[in-house]
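Participant: I'll drop the sequence and a predicted model, then ask my questions.
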Amino acid sequence: MLRGARTLSTACSVARRASLARNLRKFPLQAKPHIPSTRSLASAAQAQAPTHTPTPESSQSPVRTQDLPIVSNDAKQVAVGWDTRTWSKFHNIWLRDHCRCPKCFHAITKQRLLNTFEIPRDIAPLTVAAKPDGLEVTWNTSDAHISLYPWSWLRFNSYDPPSSSFAPSPSITDDGKPEKVLWGAKIQQSPPTVTYEQVMEEGDAGLYKWLENVDKFGFSFVTGVPPTPEATEELSERIGFIRETQYGKFWDFTSDLAKGDTAYTTLALGAHTDNTYFTDPCGLQLFHLLSHTGGTGGSTLLVDGFYVASLLKSLHPEAYHLLSTVPVPAHAAGEPSALYQPSPVRGYPVLGHVGGSSFSSGTGGSSTFGGESGKEGEGELVQVRWNNDDRSVMSHLEPAVVEKWYDAIRLWNKALTSPDSQYWVQLTPGTAVVVDNHRVLHGRSAFTGKRRMCGAYIGVDEYRSKLAVLRERFASDPVLEATKDIPESVVAGRSVWHTAL
Ligand SMILES: C[N+](C)(C)CCCC[C@H](N)C(=O)O
Ligand SMILES: O=C(O)CCC(=O)C(=O)O
């Protein structure tokens, strides 16, 4: 198994040669297979069960050809043998389209320069070679174009089989991101928290910690925030620019119905996510209680929607399936100058997924956005959209589904409101909370007196972009690590082999 193969230029240093040797697993000596058909590749890999557990080369020996993956090709595909049981197959057209040389890919803007549609449909390699840097392909085109594909990059982007199907490798995980931690009421024992000082410090390490908290837990407190709207706005903008909506940019609100929404009243609000009436609900929502005088109540509720969904899925799979497939319309119609509905107006399921093994009559080839899906499996839960107060008329339900759907949301609500799921916290001036609005539901208890809350929305793409940039700086990425010495890889501070490109 390739472990973050380091790269070697032809004039590679002894040190780099040794480091590649260290990282490369010894591939069992094997006669180069004939150019196998796609079908026979699988049987070939299957038949050649490893005769021994490959062991890393000693750090002294130079890299040997047999230390490199085995490569071969036919008229349609190139096969890469990571070890005798693990092969990837890449279509020739796919490889040519993903060439990252300076002619095919703008190293500064990270945009494709190659005209995909000028690639001959039947393009094939003249030669394929396993080089220390990666797979080298010389194409059978008039320019005999040469492309290089680093081993770690190929393995990360393997689609046949998907790289997620490979045995977990400490050096190369399928997306390199930390696992999410699902939580219930017990999170109150040690809720994820950073300090304002950490978040505001120039080096951004504290900002990174804050956003990693949000990625892992779906929320994070920030303590020591000056109890002013100005400081809170500045804190919000550490993540990215604030998303303006019909409620304004940075909000500073109280129970005066200044805006046509029950948030601007003293009413209790059940656990919900915001913006179900937008096609693209905000990614983060930040709240900071500035003051509450002459009254009681107004405590904040947080519920991990991913946790509750996991309970529903195991206890009531039918209900889970309905919440994952039936789109829910919503509206924001409290402002005379605004009347929001999502596009399509039928809305989106309460539980949004990607990658389900299902058909879809909606957009995007999966059940996530608007389509009905088969029951084979929903895929990965990536978004919770739930606000029963903002829900519009369910005018599209199949008659036979109506009562089942209401039973399903009754089970969902029961799980949401279970004491085991609910984390109630009384916010105080100086402690802000940021919530992943695609995962964690929030609410509040009713209150009396004068209560002043401020905060802001951050778009989901702005949030994820900032986290990706911080990860580039602070987290180790096996593909970036393995490719950083390939000449002309890192341009304008970013690698052309970044796995987000
Ligand atoms: C702007 N502020 C956050 C104060 C209120 C937003 C209104 C919340 C709306 N009912 C929703 O669920 O999206
Ligand atoms: O007032 C609060 O504590 C929260 C209000 C709310 O849920 C919202 O604005 O979405």
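Facilitator: Received, thanks. Numbers count the residues shown, from 1 in each chain. Ligands and ions are numbered 1, 2, ... in the order given.
Participant: tell me the phi and psi of the closest residue to residue 236 other than its chain neighbours?
Facilitator: Using C-beta to C-beta, 6 or more residues apart in numbering and skipping residues adjacent in sequence, the residue nearest residue 236 is residue 456, 4.2 Å away. Where you see a C-beta, it was placed from the backbone N, CA and C, and this is true even at glycine. Main-chain torsions, residue 456, degrees, to the nearest 10: phi -160, psi 160.
Participant: you'd agree residue 456 is up against residue 241?
Facilitator: No - Residue 456 lies out of contact with residue 241 (C-beta atoms under 8 Å); the separation is 9.7 Å.
Participant: can you list contacts of stretch 335-352?
Facilitator: Outside stretch 335-352, the residues within contact range by C-beta atoms under 8 Å, 6 or more residues apart in numbering are 246, 259-260, 276-279, 309, 320, 323-333, 367-370, 378, 381-386, 392, 396, 409, 412.
Participant: So which of those are in strands?
Facilitator: 327, 328, 381, 382, 383, 384 (DSSP state E).
Participant: Filter these down to the buried ones.
Facilitator: Using 16 or more other C-beta atoms under 10 Å as the burial test, the ones in strands among the contacts of stretch 335-352 include 327, 328, 381, 383, 384 as buried.
Participant: Let me know the closest of those residues to ligand 2.
Facilitator: Lowest distance from ligand 2 to these (C-beta to the nearest ligand atom) belongs to residue 384, with 14.3 Å.
Participant: beta partners for the closest one?
Facilitator: Counting by DSSP bridges, residue 384 is bridged to residue 351.
Participant: show me what contacts it?
Facilitator: Contact analysis of residue 384 by C-beta under 8 Å, 6+ apart lists 273, 305, 306, 309, 350, 351, 352, 438, 439, 441.
Participant: try residue 121
Facilitator: By C-beta under 8 Å, 6+ apart, the residues touching residue 121 are residue 93.
Participant: Ok, residue 448 next?
Facilitator: Taking C-beta under 8 Å, 6+ apart as the test, what residue 448 contacts is 266, 294, 295, 296, 297.
Participant: so how far is residue 422 from the fourth one?
Facilitator: In other words, residue 296. The gap separating residue 296 from residue 422 is 19 Å, by C-beta to C-beta, to the nearest Å.
Participant: hang on, the earlier thing: sitting in helices, which of the contacts of residue 384 do you find?
Facilitator: Applying DSSP state H to the contacts of residue 384, the entries found in helices are 305, 306, 309.
Participant: Now list the buried members of those.
Facilitator: For the ones in helices among the contacts of residue 384, a burial check counting by 16+ other C-beta under 10 Å picks out 305, 306, 309.
Participant: With adjacent residues omitted, what lies nearest to the first one?
Facilitator: In this case it means residue 305. Leaving aside its sequence neighbours, residue 305 sits nearest to residue 384 (C-beta to C-beta, 6+ apart; 3.4 Å).
Participant: How about residue 425?
Facilitator: In space, residue 425 is closest to residue 300, 5.3 Å off (C-beta to C-beta, 6+ apart).
Participant: Does that neighbour touch residue 428 like I think?
Facilitator: No - Residue 300 is beyond contact range of residue 428, at 10.4 Å (criterion: C-beta under 8 Å).
Participant: Tell me which residue in the stretch 1-150 of the chain sits closest to ligand 2.
Facilitator: residue 110 (36.5 Å).
Participant: How many residues are close by that residue?
Facilitator: 16 (other C-beta atoms under 10 Å).
Participant: Look up which helix or strand residue 463 falls in, please.
Facilitator: Using DSSP states H and E, residue 463 sits within helix 460-474.
Participant: Mind giving me the packing neighbours of that helix?
Facilitator: Contacts defined by 3 or more C-beta pairs under 8 Å, 6 or more residues apart in numbering; DSSP states H and E place helix 460-474 against helix 205-217.
Participant: buried stuff in the helix it packs on?
Facilitator: 206, 207, 208, 209, 210, 211, 212, 213, 214, 215, 216, 217.
Participant: ok, now stretch 324-337?
Facilitator: For stretch 324-337, burial by neighbour count (16+ other C-beta under 10 Å) applies to 324, 325, 326, 327, 328, 329, 330, 331, 332, 334.
Participant: Give me the mean pLDDT for it.
Facilitator: Average pLDDT, stretch 324-337: 96.
Participant: what do you get for stretch 444-454?
Facilitator: 98.
Participant: Closest one of the buried residues of helix 205-217 to ligand 2?
Facilitator: Of all these, residue 214 has the smallest distance to ligand 2: 17.0 Å, by C-beta to the nearest ligand atom.
Participant: Confirm for me that that closest one is in contact with residue 436.
Facilitator: Yes - between residue 214 and residue 436 there is a contact at 5.5 Å, judged by C-beta under 8 Å.
Participant: quick revisit: from the contacts of residue 448, keep the buried residues only.
Facilitator: Buried among the contacts of residue 448 (16+ other C-beta under 10 Å): residue 266.
Participant: strands paired with the helix or strand that contains residue 129, and their directions?
Facilitator: Residue 129 belongs to strand 125-130 when assigned by DSSP H and E. Next to strand 125-130 in the sheet, as set by DSSP bridges, lie strand 134-139 (antiparallel).
Participant: what residues does the partner strand touch?
Facilitator: For strand 134-139, the external contacting residues (C-beta under 8 Å, 6+ apart) are 5, 7, 69, 71, 78, 80, 95-96, 123-130, 144-151, 153-154, 486.
Participant: Mind checking which of these are in strands?
Facilitator: Using DSSP E, the subset of the contacts of strand 134-139 located in strands is 71, 78, 80, 125-130, 146-150.
Participant: Buried subset of those, written for PyMOL?
Facilitator: The PyMOL selection below is limited to those of those classed as buried (16+ other C-beta under 10 Å):
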select buried, resi 71+78+80+125+128+130+147+148+149+150
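Participant: Nearest to ligand 1: which residue in the stretch 301-450 of the chain?
Facilitator: residue 387 (4.5 Å).
Participant: Near ligand 2, which residues of the stretch 301-450 of the chain are found?
Facilitator: 442, 443, 444 (C-beta under 6 Å from any ligand atom).
Participant: can we see that at 5 Å?
Facilitator: Residues of the stretch 301-450 of the chain lying near ligand 2 by C-beta under 5 Å from any ligand atom: residue 444.
Participant: Helices along the stretch 301-450 of the chain, start to end?
Facilitator: Here the stretch 301-450 of the chain has its helices, by DSSP state H, counting those that start in this stretch, at 305-315, 317-325, 399-416.
Participant: So what angle separates the directions of the first one and helix 317-325?
Facilitator: Helix 305-315 runs at 140 degrees relative to helix 317-325, counting by axes from the mean of the first three to the mean of the last three C-alpha atoms, to 10 degrees.
Participant: Counting by contacts, list what helix 305-315 packs against.
Facilitator: Helix 305-315 packs on helix 317-325, strand 379-384, helix 399-416, going by 3+ C-beta pairs under 8 Å, 6+ apart.
Participant: same deal with the second one?
Facilitator: Applying 3+ C-beta pairs under 8 Å, 6+ apart, we find helix 317-325 packed against helix 305-315, strand 348-349, strand 351-355, helix 399-416.
Participant: and those, which one is worst for confidence?
Facilitator: Comparing mean pLDDT across those, the weakest is strand 351-355, with a mean of 94.
Participant: Compute the inter-axis angle for that strand and helix 305-315.
Facilitator: Angle of strand 351-355 versus helix 305-315, following the same axes, to 10 degrees, is 80 degrees.
Participant: could you redo the helices and strands packed on helix 317-325 as JSON lines and give each row distance to ligand 1?
Facilitator: Below are those laid out as JSON lines (distance: least, C-beta to the nearest ligand atom, whole Å):
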{"stretch": "helix 305-315", "distance to ligand 1": "14"}
{"stretch": "strand 348-349", "distance to ligand 1": "14"}
{"stretch": "strand 351-355", "distance to ligand 1": "16"}
{"stretch": "helix 399-416", "distance to ligand 1": "15"}
